[in-house]
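[1] Pasted the sequence and its predicted model underneath.
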Amino acid sequence: MIVNTEIKSGFATISRQGKYFSLISASGVLRVVLKLQGSVKLDTKMWVGMNIDAPINFDEIVLYGNDSPVEFWAGNVSMTSGRYASQAANAINTKTVMVNESTILTANDLTRTGVRVRPSKDIFLGGAGVNGGGWRVKAGETVEVPLAGLLSAFKSPAHIDYSDINDIGQVDNFWPSESAKGSCFVSEDERIRIIKKDDHMTELYSSSDSGLTWIVIRDNVRGYAYDTLTGRHIAYCGSSQNLNSYEVIYSDDGINWSTLSKGVVLAGSGSFTSNRCQIVAGQFQAVYSGWVFCCDIETGNAKSLIVESGGNSFNYGRFIDSELKVGFFSGWSSDGEIFKTIDGGNTWESIGHSSAFSSIHSSADGKNLFFISSDNSKPCLSNDYGNSWLKVDDGVAWSGVAPVAHVYKDIWVTQRGGEYKLVNNENGTGVVVTLGSKGVNMHASHLFFNSISGFLYGSKTASNGTNIKGINIKGDISPARVEVMELLS
């Protein structure tokens with residue numbers, strides 16, 4: 001049978017009779033000692049996936065290793081006998097998991113014969129408590145683990161040092177001369193730049209030569225967004241002849257674009273505007289007047305959902321899960337009560353907070369949320385998918401219409417009074433930090449943060465410019481994209 005326990009102070013002792021032992025899940029290499037009536041019968045090192053198939057009678061198991069959860073098989077029959085050892089997989093279950101620090105890839109499943117894993121960045125594989133001591137898997141490498149138990153992945157953590165700011169300041173002629181003030185993107189080397197006009201259906205511009213020349217990717221673009229998890233660009237296009245028709249185009253390099261989805265949306269959802277578009281949990285979302293247009297950025301599956309409660313049509317907010325079940329939305333006002341749904345908009349419940357309009361934002365994975373409270377004009381943060389909130393009070397009132405960019409975990413950046421303001425939840429305490437010096441033309445409509453270079457950019461202000469601040473990033477804050485294939489018997 002499968003036994004779950006935990007190593008504490010370097011060891012764990014379990015009273016269990018049996019003849020066979022298999023290590024299902026652990027953090028790193030363990031020393032396994034099997035005893036019978038106090039006499040040592042086996043003393044060996046084991047790692048995840050190893051089995052003792054030759055029968056050895058024991059009535060006590062002692063495990064030595066790093067403090068962490070452990071899962072193993074101990075019984076009178078071998079875990080690898082029968083179907084576990086000889087039956088080939090005849091079904092698969094595939095998914096993609098974003099890994100930053102420790103993340104569970106698969107849960108226990110005795111019908112599974114193995115797991116294939118391919119990460120986009122270097123990771124470690126191990127049990128529930130893996131913290132860098134498991135198997136190392138290099139970026140692009142595919143490995144198969146003959147494991148029916150829980151499998152976790154670990155990516156080395158990064159650190160944001162926001163006491164070390166590269167205050168570049170105002171840079172003129174960074175953006176095109178056209179009225180481009182909407183959502184924007186800047187590559188690590190600043191060679192590729194994308195920006196949209198901040199009006200209803202307007203042009204989306206791009207440059208591949210550091211802003212020397214600009215082209216129009218598409219006109220009649222309702223919204224543009226960039227997904228920090230996959231690196232995919234999405235543009236939501238409409239038609240001036242038929243407001244209910246749409247086309248979603250995508251690019252993985254910012255240069256070459258293709259159609260992802262095309263069709264007709266529900267009546268009433270054709271007027272989505274650019275300043276309420278974001279990609280969360282792999283779903284491009286555009287909100288307008290009680291409707292949300294949603295498009296899966298991988299499959300292109302698109303649909304429109306109604307978001308309204310008691311005659312209140314919501315205009316701001318996000319669904320935060322890939323199934324479009326859990327979401328936070330508010331209405332069109334400077335004092336919009338925030339409502340939460342957990343069933344795709346069928347039912348709603350107030351969370352007890354109101355947001356200043358256009359201030360509900362989410363991290364790309366949906367875990368971290370941010371809004372400016374209209375109760376006291378203070379930022380509110382959540383790091384647990386909106387289950388709890390922390391109000392941050394630095395003694396100064398905030399404007400609810402300021403642009404916001406998610407940086408990493410609980411860290412957000414917005415603008416206030418001509419300055420970049422970093423807002424963070426440090427172990428339950430709200431912190432506000434001014435980034436660099438106060439600058440001119442700091443009232444951009446949108447902010448973009450490049451998680452590789454650490455630079456913050458605002459959309460176009462005066463002199464076609466932007467104000468740039470650099471934050472010192474130690475390590476890689478972007479997640480590893482791990483493709484997981486479970487082989488089922």
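    Yes, it's here.
[2] Now tell me which helix or strand of this structure has the poorest mean pLDDT.
    Ranking every helix and strand in the chain by mean pLDDT, DSSP states H and E puts helix 83-86 at the bottom, with a mean of 39.
[3] Tell me the helix or strand right after that helix.
    As assigned by DSSP states H and E, the chain's next helix or strand after helix 83-86 is strand 91-99.
[4] can you list the domain ranges for this structure.
    The chain breaks down by automatic domain parsing into domains covering 2-75, 87-157+482-488, 160-479.
[5] Any idea how far apart the tips of the first one sit?
    One end of domain 2-75 sits 8 Å from the other (C-alpha to C-alpha, to the nearest Å).
[6] need the domains of the chain in JSON lines with mean pLDDT and mean neighbour count, can you?
    (C-beta placed from N, C-alpha, C; glycine too.) Rendered in JSON lines, the data for those read as follows (pLDDT from 0 to 100; neighbours: other C-beta atoms under 10 Å):
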{"stretch": "domain 2-75", "mean pLDDT": "88", "mean neighbour count": "17"}
{"stretch": "domain 87-157+482-488", "mean pLDDT": "80", "mean neighbour count": "18"}
{"stretch": "domain 160-479", "mean pLDDT": "87", "mean neighbour count": "19"}
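[7] Taking the centroid of the chain, which residue is nearest it?
    Centroid check for the chain by C-alpha atoms, centre = their mean gives residue 365 as the closest residue, at 2.5 Å.
[8] does that one really touch residue 281, like I thought?
    Yes - the pair residue 365 / residue 281 is scored as a contact, 6.5 Å apart, by C-beta atoms under 8 Å.
[9] which residues in the stretch 101-250 of the chain form strands?
    Ranges of strands within the stretch 101-250 of the chain are 101-106, 112-119, 123-126, 135-137, 143-145, 151-155, 159-171, 184-186, 193-196, 202-207, 215-226, 233-237, 245-251, based on DSSP state E, counting those that start in this stretch.
[10] Please tabulate these in a markdown table and include distance to residue 419 as additional columns.
    Supplementary listing: the strands of the stretch 101-250 of the chain in a markdown table, determined by distance: least, C-beta to C-beta, whole Å:
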| stretch | distance to residue 419 |
| --- | --- |
| strand 101-106 | 31 |
| strand 112-119 | 39 |
| strand 123-126 | 38 |
| strand 135-137 | 43 |
| strand 143-145 | 48 |
| strand 151-155 | 33 |
| strand 159-171 | 11 |
| strand 184-186 | 20 |
| strand 193-196 | 23 |
| strand 202-207 | 28 |
| strand 215-226 | 25 |
| strand 233-237 | 29 |
| strand 245-251 | 33 |
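[11] and of these, who's closest to residue 434?
    Proximity to residue 434 (C-beta to C-beta) singles out strand 159-171 among those, at 9.1 Å.
[12] So in that sheet, which strands flank the closest one, and in what orientation?
    strand 466-474 (antiparallel) (DSSP bridges).
[13] Contact partners for the nearest residue to residue 126 once chain neighbours are set aside?
    Excluding the flanking residues, the one nearest residue 126 by C-beta to C-beta, 6 or more residues apart in numbering is residue 134, at 2.8 Å. Residues near residue 134 by C-beta atoms under 8 Å, 6 or more residues apart in numbering: 27, 28, 48, 124, 125, 126, 127, 152, 154.
[14] Now residue 463, what are its backbone angles?
    Recorded main-chain torsions at residue 463 are phi 60, psi 30, according to degrees, to the nearest 10.
[15] how far away is the closest residue to it other than its chain neighbours from residue 464?
    Nearest non-adjacent residue to residue 463, counting by C-beta to C-beta, 6+ apart: residue 172, 4.2 Å away. Using C-beta to C-beta, to the nearest Å, residue 172 is found at 7 Å from residue 464.
[16] quick one: common contacting residues for the two?
    With C-beta under 8 Å, 6+ apart, residue 172 and residue 464 have no common neighbours.
[17] got the contact list for residue 51?
    Counted by C-beta under 8 Å, 6+ apart, residue 51 has contacts 20, 21, 22, 23, 78, 79, 80.
[18] Pick the one among these closest to residue 195.
    Nearest to residue 195 out of the contacts of residue 51 is residue 23 (C-beta to C-beta; 53.1 Å).
[19] can you tell me which residues contact the closest one?
    Counted by C-beta under 8 Å, 6+ apart, residue 23 has contacts 30, 32, 46, 47, 48, 49, 50, 51, 70, 72.
[20] change it to 6 Å
    Contact analysis of residue 23 by C-beta atoms under 6 Å, 6 or more residues apart in numbering lists 46, 48, 50, 72.
[21] Residue 423 is nearest to which of the strands of the stretch 101-250 of the chain?
    strand 159-171 (10.6 Å).
[22] Run the chain-centre distance for that closest one.
    From the chain centre to the centre of strand 159-171 is a distance of 24 Å (C-alpha atoms, centre = their mean, to the nearest Å).
[23] Same check on stretch 36-44?
    In terms of C-alpha atoms, centre = their mean, the centre of stretch 36-44 is found 47 Å from the chain centre.
[24] what sits up against it?
    With C-beta under 6 Å, 6+ apart as the test, stretch 36-44 has contacts from 32, 33, 34, 56, 57, 58, 59.
[25] Residue 431 falls within a strand, correct?
    Yes - membership of residue 431 in a strand is supported by DSSP: H, G, I helix; E, B strand; the rest coil.
[26] How about the contacts made by the closest residue to it other than its chain neighbours?
    Nearest residue to residue 431, sequence neighbours excluded (C-beta to C-beta, 6+ apart): residue 424, at 4.7 Å. When contacts are counted by C-beta under 6 Å, 6+ apart, residue 424 touches 410, 411, 431.
[27] which residues sit in contact with residue 226?
    Residue 226 touches 185, 233, counting by C-beta under 6 Å, 6+ apart.
[28] Okay, and the beta partners of it?
    residue 233.
[29] now do residue 319
    In this entry, residue 319 is beta-bridged to residue 327, by DSSP bridges.
[30] That one against residue 327, yeah?
    Yes - in terms of C-beta atoms under 6 Å, residue 319 counts as a neighbour of residue 327; the distance is 3.9 Å.
[31] ok, back up a step: I'd like the contacts of residue 134 as CSV, with distance to residue 181 appended.
    Formatted as CSV, the contacts of residue 134 follow (distance: C-beta to C-beta, whole Å):
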residue, distance to residue 181
27, 49
28, 52
48, 52
124, 44
125, 45
126, 47
127, 50
152, 44
154, 41
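[32] quick one: which of those residues is nearest residue 112?
    residue 48 (13.8 Å).
[33] mind listing which of the contacts of stretch 36-44 are in strands?
    Judged by DSSP state E, strands contain the following of the contacts of stretch 36-44: 32, 33, 34, 58, 59.
[34] Name the nearest residue to the last one, sequence neighbours excluded.
    Leaving aside its sequence neighbours, residue 59 sits nearest to residue 17 (C-beta to C-beta, 6+ apart; 4.9 Å).
[35] same thing with the second one?
    Taking C-beta to C-beta, 6+ apart, and ignoring the residues beside it in sequence, residue 33 has residue 62 as its nearest neighbour in space, at 4.2 Å.
[36] which helices and strands sit right next to the strand or helix carrying that neighbour?
    Assigned by DSSP H and E, residue 62 belongs to strand 58-64. When contacts are defined as 3 or more C-beta pairs under 6 Å, 6 or more residues apart in numbering; DSSP states H and E, strand 58-64 sits against strand 11-18, strand 30-36.
[37] out of those strands, nearest to residue 312?
    Of the helices and strands packed on strand 58-64, nearest to residue 312 by C-beta to C-beta is strand 11-18, at 54.4 Å.
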